[in-house]
Structure formats: C-alpha cells, structure tokens
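[1] no letters, just coordinates:
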C-alpha cells in the first residue's frame, strides 16, 4: 500500500507531461477566443451601420412631413439624376444618401454606409411626396 501513495512529490517527467497536455488543450481554446473576438467586432460594425442607415431613413421620413426636399442639404446631381448627401461620421462611418424621383410623386431612397472606405450595408426604400 505504501508504494501506491508516494509522498515525495512530482517528478520532472510528470510536470512536463502535465504542461504538454495543458498546452494541447489550451491552444484550440485560445484560437476560439480570438475567432470569437473577430466575429463580435464585425457584427458590432454591421449593427452600428444598420442603426446609422435607419436613422437617416427616419430623417427622410421627417422631410416627407414637409413635402419637399431640402436643397441646401441634398444637392441635385444632374449626371446621376438624383439628390445626394454625403455625411461623414466621427467613427469613420460615411453615409451616402441618394433620393431619386420616380413617377407619380414616388421617390426612391438609397442609403449606403461605408466604414473606412468599404461598403458595409445598404438600405433602400421609397416614399411618396
């Protein structure tokens, strides 16, 4: 019975084997944490861009209550045949808003959200003035 319970401590080989097994288990877990952080960051960017786009769509709904487009804010681009507005946010987000006139008082609205020059989200809709 004395040989089963050795009170002298751990040998160097046992310590090395334990650390090796811990390393084998911890490395994949660390990769999962890094991947989770990247996914979380990307989804946060996308969520914020959707919120910004919805905010500008609501702003355009408020214009509808006035029944006219504010030409001081939305400049007419004759080449593209639409009203445009580009808004730069402090968080490297840029909103490109385009309002195109359709038939019978219908206007088509496009909101593109860019982050560091890359298109993150687009939102499209229409409104009747």
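    Perfect, I can see it now. Fair warning: this is a prediction, and the values are worked out from it, not measured in the lab.
[2] okay, CA-based contacts and neighbour counts for the rest of this
    Noted.
[3] residue ranges of the helices in this structure, please?
    Using DSSP state H, the helices of the chain run over 12-66.
[4] where does this protein dip in pLDDT?
    1-8, 63-67, 90, 129 (pLDDT under 70).
[5] tell me the bridge partners for residue 77.
    residue 82 (DSSP bridges).
[6] apologies, that question was intended for residue 93.
    Counting by DSSP bridges, the residues bridging with residue 93 are residue 115.
[7] so what's it up against?
    Counting by CA atoms under 8 Å, 6 or more residues apart in numbering, residue 93 touches 49, 113, 114, 115, 116.
[8] residues near the residue nearest to the first one when sequence neighbours are not counted, how many?
    Take residue 49 and drop its neighbours on the chain: the residue closest to it by CA to CA, 6 or more residues apart in numbering is residue 113, 6.0 Å away. The criterion is other CA atoms under 10 Å. On that basis, residue 113 has 26 neighbouring residues.
[9] wait, residue 113 sits on residue 91?
    No. Assessed by CA atoms under 8 Å, residue 113 is found out of contact with residue 91, at 11.9 Å.
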